[in-house]
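Chemist: Sequence first, then the predicted structure:
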Amino acid sequence: MPVIIKGDFKTRAVFLDGKPLYPFESQKVVMHNPTGYGWGYQGSGPSQMALAILLAVTHREEALKYYEHFKREKIADLPEEDFEVCFDFDSWLEARRKVDEIHQQPIICPSLRTKSSSHFAWKIISNLNLFPITVPAPFNR
């Protein structure tokens, strides 16, 4: 469902498909910012805005699960000025659900003797030498 999100930087007003989105309902769920919305950075105003938007387009449980991701991926990247964007929430939410599904499946690798996907991922990453680490020789006097 594509939705047009519009923000007025001076008043901090946000609109979904032309209808005002007030912060009061989202503030009853989680109070991040008593003064309302913000965007273009990662903070309490963008958290409040992300939660309010997701509460308006999906059910409460999913909004609470994903609003911080939405803030980091979308709200924080908006310009710190008036904006208008069209956003497809169905596609974004479906992608988020798939990521969660992948992260919840344990990976069993006998050679590493672990069922933990995060441990398994760390073993792979550490073996790739993506983060070269120089360990100094012991200091001898």
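Modeler: Great, that's in hand. Numbers count the residues shown, from 1 in each chain.
Chemist: ok, longest helix in the chain?
Modeler: helix 89-104 (DSSP state H).
Chemist: Can you list the helices and strands that that one packs against?
Modeler: Applying 3 or more C-beta pairs under 8 Å, 6 or more residues apart in numbering; DSSP states H and E, we find helix 89-104 packed against helix 60-70. The C-beta positions use only the backbone N, C-alpha and C, and glycine is treated the same way.
Chemist: and the angle for the longest helix of the chain with helix 60-70?
Modeler: Angle of helix 89-104 versus helix 60-70, following axes from the mean of the first three to the mean of the last three C-alpha atoms, to 10 degrees, is 90 degrees.
Chemist: quick one, strands of this structure?
Modeler: 2-8, 13-16, 19-20, 83-88 (DSSP state E).
Chemist: end-to-end on stretch 81-96?
Modeler: 28 Å (C-alpha to C-alpha, to the nearest Å).
Chemist: With that, I have no additional questions.
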